[in-house]
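A.B. asks: Got a sequence here, can you model it:
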Amino acid sequence: MSKLNKRQWEAHIWLARMWDKEREIEMYKIRMDKIISQLSGIGKYDAEFVPSQTGENSVETKNIEYSTLCDKIEKLIDEISIENLATGDIIDQVKDRKMHDMLYDRYINRMSWNQIGEKYHYAQRQPYNYMHKCLEEVRKYISDEAIKEVVYGSDE
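C.D. replies: Prediction:
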């Protein structure tokens, strides 16, 4: 999104604050897939078998890493869910139905611009232009304190 004014940019950053968490989950899932593929060639778990020179059981280490990644993902999903509720509450205050739905699709459902364009039957640039209006509208409902905390950090 280019050419956003300050208020639109602030609204976008606040609404998109969980996108990094979702990318983190995807990163962990990629690692988990690699662990599964590495473990798939091992016939059985043997606590006495130590295939590495370091004295560590690589199967056990992979299982522990996998379990740790599962825990991290679970915590991130909980955090995203809580923040999605707050984001949804803000978006629900937008009275214009099309603006509401586009904001929800973009910031809760994480739809791409191409998907939004197809859903709303827009030409290639239209969703961007309309989203500027949506962001201007939704910014009215996001408190300056919330913007300050998320966009500029708590110390300003």
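A.B. asks: Quick check: buried residues in stretch 91-104?
C.D. replies: 91, 94, 99-104 (16 or more other CB atoms under 10 Å). In this view, the C-beta of every residue, glycine as well, is placed from N, C-alpha and C.
A.B. asks: Quote the end-to-end distance of it.
C.D. replies: 7 Å (CA to CA, to the nearest Å).
A.B. asks: what do you get for stretch 121-132?
C.D. replies: Note: stretch 121-132 ends 17 Å apart using CA to CA.
A.B. asks: after the helix or strand harbouring residue 86, next one along is what?
C.D. replies: Per DSSP states H and E: residue 86 is located in helix 58-91. Moving toward the C-terminus from helix 58-91, the next helix or strand (DSSP H and E) is helix 97-107.
A.B. asks: State the next helix or strand along the chain beyond that following helix.
C.D. replies: helix 113-119.
A.B. asks: Just the buried positions in the helix or strand where residue 26 lies, please.
C.D. replies: In this assignment (DSSP H and E), residue 26 forms part of helix 19-39. Across helix 19-39, burial judged by 16+ other CB under 10 Å covers 25, 28, 35.
A.B. asks: Let me see the domain layout of the chain.
C.D. replies: 19-89, 92-150 (automatic domain parsing).
A.B. asks: Which among the ones you listed is found nearest to residue 8?
C.D. replies: Closest to residue 8 of those is domain 92-150 (CB to CB; 4.0 Å).
A.B. asks: And the residue nearest to residue 84 when sequence neighbours are not counted, how close does it get to residue 19?
C.D. replies: Nearest residue to residue 84 in three dimensions, chain neighbours excluded: residue 108, at 5.8 Å (CB to CB, 6 or more residues apart in numbering). Residue 108 sits 11 Å away from residue 19, going by CB to CB, to the nearest Å.
A.B. asks: got it, and residue 58?
C.D. replies: 34 Å.
A.B. asks: Now tell me what touches stretch 24-31 from outside.
C.D. replies: 65, 69, 72-73, 76-77 (CB atoms under 8 Å, 6 or more residues apart in numbering).
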